[in-house]
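*Asks:* Sequence below, structure please.
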Amino acid sequence: MAQHFLLTAAARTLSLKAVFKMGEDAAYEAFRRMRWPETEGEAVCPSCGCPDTYNITSRRRFKCVACYHQFSVTSGTIFASRKLSFTDLLAAIVIFVNGAKGVSALQVSRDLDVQYKTAFVLSHKLREAMAIEAQGRVLDGVVEVDGAYFGGYVKPANRKNERVDRRTLLAQNGKRQSVVVMRERGGDTLTFVGKSEAVGVALVAANVAPGTVVHADEASHWDKLHARYETFRINHSEAYSANGACTNQAESFFSRLRRAEAGVHHRIAGEYLNAYAGEMAWREDNRRVANGSQAAMVVRSAMVSPVSRKWAGYWQRAA
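*Replies:* Next comes the predicted model:
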């Protein structure tokens with residue numbers, strides 16, 4: 001029942017009420033079927049791959065017949081060593097995917113009645129799982145590229161006569177970073193973070209297939225794209241779309257990221273910028289997918305993601 005619910009729920013039918021009505025046993029079954037879809041939820045040893053296991057029902061653990069390795073449904077995944085119940089994990093995923101502009105860790109902590117740090121780490125684990133889908137992805141067809149700057153806010157001086165032009169290099173604090181987006185029309189989105197938008201030239205060459213039609217704005221660093229691709233340029237000071245050139249899909253991504261920054265997280269910068277950019281790319285790519293299917297996608301990604309080395313306790317970080 002649980003897995004059917006996750007895979008078929010349409011938009012606006014997947015709610016916290018429905019998740020909590022499922023109960024812990026149904027939520028556990030859903031995670032089992034997402035972890036081992038080939039065997040319809042029957043445990044397979046992650047150590048040796050043996051499909052024959054003992055079910056230690058009192059602890060919801062399994063023991064391999066061949067190598068005697070003990071494991072659980074979340075062993076070796078991004079949810080390894082979890083403390084939350086399966087119902088709470090599933091509820092957290094539902095809360096996460098239902099936020100069109102993202103969800104703050106503070107809201108997750110209040111909704112689930114957990115510590116802020118718990119919600120913060122869990123949210124970043126979900127972002128890490130989402131990023132699995134983009135690994136090794138190469139874009140083709142028609143691709144729009146653009147860049148935008150985030151972070152490095154410089155507070156203006158109190159007195160007017162002491163204020164400086166904060167756009168100049170001397171007024172910067174060195175913390176500003178550029179998010180470069182490559183968006184395939186009708187397809188996927190890739191994001192990268194660098195010190196400047198100019199790094200996007202090399203990133204396009206590495207992640208966009210030869211023969212692709214590329215659309216970019218009039219920034220001078222994009223001139224190098226003409227040597228590799230058929231390139232269309234748009235001058236935004238004159239028009240948003242002209243002579244077949246347009247980067248509106250890339251701008252749409254930045255619109256979502258800006259709204260997440262202004263209305264949800266209030267600050268997206270530093271070492272976490274890449275994770276938030278990847279999350280918004282995932283939301284843009286799956287914006288027309290029913291939220292029940294979105295939740296299923298996140299659970300599947302989490303079940304195939306290895307143990308997080310960044311978002312783990314100090315004793316888990318060793319490779």
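*Asks:* For Val143, which three-state class applies?
*Replies:* At Val143, secondary structure determined by DSSP: H, G, I helix; E, B strand; the rest coil is strand.
*Asks:* how about it, what does it touch?
*Replies:* 182-185, 204, 208, 212-215 (C-beta atoms under 8 Å, 6 or more residues apart in numbering). All C-beta atoms are positioned from the backbone trio N, CA, C, and that covers glycine.
*Asks:* Now the buried members of those.
*Replies:* In the contacts of Val143, burial by neighbour count holds for 182-184, 204, 208, 212-215, counting by 16 or more other C-beta atoms under 10 Å.
*Asks:* any chance of these in a markdown table, with distance to Met297, secondary structure and pLDDT too?
*Replies:* Formatted as a markdown table, the buried ones among the contacts of Val143 follow (distance: C-beta to C-beta, whole Å; DSSP: H, G, I helix; E, B strand; the rest coil; pLDDT from 0 to 100):
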| residue | distance to Met297 | secondary structure | pLDDT |
| --- | --- | --- | --- |
| Met182 | 21 | strand | 98 |
| Arg183 | 19 | strand | 97 |
| Glu184 | 18 | strand | 97 |
| Val204 | 27 | helix | 97 |
| Val208 | 24 | strand | 97 |
| Thr212 | 26 | coil | 97 |
| Val213 | 29 | strand | 97 |
| Val214 | 28 | strand | 98 |
| His215 | 28 | strand | 98 |
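*Asks:* Out of those, which comes closest to Arg300?
*Replies:* Glu184 (22.2 Å; C-beta to C-beta).
*Asks:* Could you give the number of residues near Ser296?
*Replies:* Not quite, residue 296 is Ala, not Ser. 23 (other C-beta atoms under 10 Å).
*Asks:* wait, isn't it in contact with Arg33?
*Replies:* No - using C-beta atoms under 8 Å, Ala296 makes no contact with Arg33, being 10.1 Å away.
*Asks:* Quick check: neighbours shared by these two?
*Replies:* Counting by C-beta under 8 Å, 6+ apart, no residue touches both Ala296 and Arg33.
*Asks:* coming back round to it: and of the contacts of Val143, the nearest to Val103?
*Replies:* Arg183 (23.1 Å).
*Asks:* what sits opposite that closest one in the beta ladder?
*Replies:* Glu144, Thr189 (DSSP bridges).
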